[in-house]
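Trainee: Quick one, structure for this:
(2 chains)
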Amino acid sequence: MEKRVTFSRWTVGILFAVPQLLLIFTFFYWPAGQAVYWSLTLQQPWGGGNIWVGLDNFRSILSSADYWNSITASLVFAAISTGLAMFIALVLAALTDRQLAGSRFYRVVLIWPYGIAAPALALAFRFILAPEAGFMAVVNRMWPGFWDPGLDGADAMASIIAAFSWKYVGYNFIFFLAAFQAIPRSLIEAAAMDGSGVIRRFWDIQFPLITPTIFFLLVINITESFQDSFGIVDIMTSGGPANATNLMVYKIYSDGFKGLDYSGAAAQSIILMLLIVVLTIFQFRFIERRVHYR
Amino acid sequence: MVERTPILNFITHLVLFLGFVLAVAPFVIVAIAASHNLKDVNDVPMSLLPGGDFWVNIKTAWTTANLGPKLLNSFIMAAGVAAGKVVISALTAFSIVYFRYPGRTFIFWLIFVTLMLPLEVRIVPTYAVVANVLSPYQTILDVTGLTWLIEKVSGVQVSMSFGLLNSYSGLILPLIATATGTFLYRQFFLTVPDELTEAARMDGAGALRFFIDILLPLSRTNMAALGTIMFLWAWNQYLWPLLITTDQSHATAVTELKQLIPNVGGAPEWHIAMAGTLIVMLPPLIVVVAMQRWFVRGLIATEK
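Mentor: From the prediction side, this is the model:
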């Protein structure tokens, strides 16, 4: 898609793009290049520049049990929280779209969770799910030792999943509802005239028409679960207990800034970048058909 | 819709109500916990009737975490990112859509790629750049031998250094360096009729005049949507401010929450923690409620 009418002074045109280009060069391309360089070199302990080590950093990362543990934890976290957040949001959006009395109200309120900063909601959930105060304490009183995110890895994982899913139900709800509302009412009315019920109409008309949104949200949720989880993990579990919630971005942060292992952190960054790039390319193949510039 | 489905309607109402409870419960619990005293908040089960210490707790949280200046910092950062995004994305999109110059497609892709890699995955090197924002340019001079040349010719050794740690520019600039808004504007500019441009040019308007007097007023809706979404996004940033504000003077409200987590072994001061949480989550919530329309619009438009 191109403009037919344009301005001829193209030097002026380039000037308009300069601020953005300077910014992305300094804060995007240079650091990204730097990450590649660091991942292939090793910093000398007493200064004096980096020595070239080829793929050694990657080899040592990929042979470390901690790293695989972190990948597994990230994937478990991504799969369960994405599934939960999308399923609940889909149900709520489909029901809101039936436009019964009160649906306007739900349309407003169900969005709120997405506005909250991940660390803030993490602190809230840390209290709500605390084993000694708050609400899980009631359960613990009935079955002592049932719940302790501070000691049990599975409980800690469940806590961060709960917090993350809660926020992203709000996010997915917005997109699902928009997708449902984009379906022409006449289609659904016609199906109703033909005698199909609410559930039949959902599976045969609405659901197929929103599949692009489902794919889109699937990718976004997975990528967000890699990034936006940092605040939640840092506030709720700090990666523990025993690395059970040491997700990939959190590990990059703790290796790079606490362990000062820049090369190892850079190698991990590169692996995560590749993972996200692959996901994004996958996404654009599906999205392509959905975006209309005209 | 057209048929009577009493059972299904009942289930619909029930499920939606449950969803509503799930969405709102954390807010309510935080607000109630913030109104208890130390003993009541640790009661099992905690009383769901609000206690009387709400303002005392808010005040304690406010002073403990020094939230006044931190909220101001958050606000400056969020407003700065929103404003920067709105302006810079508009300029870039204008350049990409309304001009034909060599390398335009290349620039388009250069910007497009930045969508793929969020700041979180490249924090370590970005941090190094922000510690000395001129280091990329210094390195380029060093590698190309220009440093040596300049030193030979003028006797001055070039060593540029300008740190952005603990500064507002350090907080704001790296967050602006992505393409999110550019494509929102691009899509909109492509829908602006060519006749408008033709008419403007016939009346003697140059590129700058057309941009300021015609294109920008037309984009007001997009600006509001983009501004809202970027404000929220920046306000909720955590990892980046945490890294680059080593000094308390520039810390933001969200990073300050960590100070409020009750220590293991210390008094479980959840009422103070919850009061702090309430203060920090309130501003974005107000923005979402007041700007709902722009928020939803911006979200759907920027992400696709």
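
Trainee: How many residues are close by the closest residue to residue A:113 other than its chain neighbours?
Mentor: Nearest non-adjacent residue to residue A:113, counting by Cβ to Cβ, 6 or more residues apart in numbering or on different chains: residue A:170, 3.7 Å away. Quick note: C-beta positions are derived from backbone N, CA and C, even for glycine. Using other Cβ atoms under 10 Å in any protein chain shown, residue A:170 has 21 neighbouring residues.

Trainee: Dihedrals phi and psi, residue A:170?
Mentor: Backbone torsions of residue A:170, given as degrees, to the nearest 10, read phi -60, psi -40.

Trainee: What of residue A:52?
Mentor: Per-residue torsions, residue A:52: phi -70, psi 130 (degrees, to the nearest 10).

Trainee: Distance-wise, check it relative to chain B.
Mentor: Using Cβ to the nearest Cβ, to the nearest Å, residue A:52 is found at 16 Å from chain B.

Trainee: Look up the closest residue to that residue, ignoring the ones flanking it.
Mentor: Per Cβ to Cβ, 6+ apart, closest to residue A:52 is residue A:41, 5.5 Å.

Trainee: could you point out where the stretch 201-304 of chain B is predicted with low confidence?
Mentor: Applying pLDDT under 70 to the stretch 201-304 of chain B flags the ranges B:264-266, B:303-304.

Trainee: need the residues of it near chain A, please.
Mentor: By the rule Cβ under 8 Å from any Cβ of the partner chain, the part of the stretch 201-304 of chain B lying against chain A is B:201, B:206-208, B:210, B:232, B:235-236, B:238-239, B:242-243, B:254-255, B:257-258, B:260-261, B:268, B:270, B:273-274, B:276-277, B:280-281, B:284-285, B:287-289, B:292, B:295-296, B:299-300, B:303-304.

Trainee: among the residues you listed, which are in helices?
Mentor: Among these, the members found in helices (DSSP state H) are B:201, B:207-208, B:210, B:232, B:235, B:239, B:242-243, B:254-255, B:270, B:273-274, B:276-277, B:280-281, B:284-285, B:287-289, B:292, B:295-296, B:299-300, B:303.

Trainee: thinking again about what came up before, just the pLDDT at the residue nearest to residue A:52, thanks.
Mentor: Predicted confidence (pLDDT) for residue A:41: 82.

Trainee: Over to residue B:187?
Mentor: Value for residue B:187, per-residue pLDDT: 82.

Trainee: Check residue A:229 too.
Mentor: Predicted confidence (pLDDT) for residue A:229: 86.

Trainee: distance of the nearest residue to it once chain neighbours are set aside from residue B:215?
Mentor: Excluding the flanking residues, the one nearest residue A:229 by Cβ to Cβ, 6+ apart is residue A:247, at 5.4 Å. Residue A:247 sits at a distance of 43 Å from residue B:215 (criterion: Cβ to Cβ, to the nearest Å).

Trainee: hang on, the earlier thing: and the buried ones among the residues of the stretch 201-304 of chain B next to chain A, selectable in ChimeraX?
Mentor: In ChimeraX, this line selects whichever of those come out buried by 16 or more other Cβ atoms under 10 Å in any protein chain shown:
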select /B:201,207,210,232,235,236,238,239,242,243,254,255,257,258,260,261,268,270,273,274,276,277,280,281,284,285,287,288,292,295,296,299,300,303,304
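
Trainee: my hunch is that residue A:133 is in a helix, does that hold up?
Mentor: No - under DSSP: H, G, I helix; E, B strand; the rest coil, residue A:133 falls outside any helix and is assigned coil.

Trainee: Just the pLDDT at the closest residue in space to it that isn't next to it in sequence, thanks.
Mentor: When the adjacent residues along the chain are set aside, residue A:133 lies closest to residue B:42, with 4.6 Å between them (Cβ to Cβ, 6+ apart). pLDDT recorded at residue B:42 is 75.

Trainee: Help me confirm that residue B:42 comes into contact with residue B:273.
Mentor: No - look at residue B:42 against residue B:273 with Cβ atoms under 8 Å: they stay out of range, at 11.8 Å.

Trainee: So between residue A:247 and residue B:215, which is more surrounded?
Mentor: residue A:247 (28 against 22).

Trainee: On the pLDDT front, check that one for me.
Mentor: 88.

Trainee: Distance-wise, check it relative to residue A:234.
Mentor: According to Cβ to Cβ, residue A:247 and residue A:234 sit 10 Å apart.

Trainee: cool, and residue B:299?
Mentor: Residue B:299 sits at a distance of 25 Å from residue A:234 (criterion: Cβ to Cβ).

Trainee: Residue A:11 now?
Mentor: Distance, residue A:11 to residue A:234, using Cβ to Cβ: 47 Å.

Trainee: Of the two, which one has the most company?
Mentor: Neighbours per residue, other Cβ under 10 Å: of residue A:11 and residue A:234, the larger number sits with residue A:234, 23 against 8.

Trainee: Contacts only, for the more buried one.
Mentor: Residue A:234 is in contact with A:119, A:122, A:250, B:238, B:239, B:242, B:258, counting by Cβ atoms under 8 Å, 6 or more residues apart in numbering or on different chains.

Trainee: ok, now residue B:32?
Mentor: Contacts here follow Cβ under 8 Å, 6+ apart; on that basis residue B:32 touches B:46, B:48, B:49, B:50, B:51.

Trainee: any idea which of these has the most stuff around it?
Mentor: Neighbour-wise, the contacts of residue B:32 (other Cβ under 10 Å) top out at residue B:46, 22 neighbours.

Trainee: Which pLDDT value does the model give it?
Mentor: 74.

Trainee: could you say which helix or strand contains residue A:51?
Mentor: Assigned by DSSP states H and E, residue A:51 falls within strand A:50-52.

Trainee: Give me the next element, helix or strand, following that strand.
Mentor: Criterion used, DSSP H and E; the element after strand A:50-52 is helix A:56-62.

Trainee: Chain neighbours aside, what residue packs nearest to residue A:116?
Mentor: Using Cβ to Cβ, 6+ apart and skipping residues adjacent in sequence, the residue nearest residue A:116 is residue B:281, 5.0 Å away.

Trainee: contacting residues for that neighbour?
Mentor: A:116, A:117, A:120, A:121, A:124, B:27, B:30.

Trainee: cool, and residue A:228?
Mentor: Contacts of residue A:228 by Cβ under 8 Å, 6+ apart are A:118, A:164, A:167.
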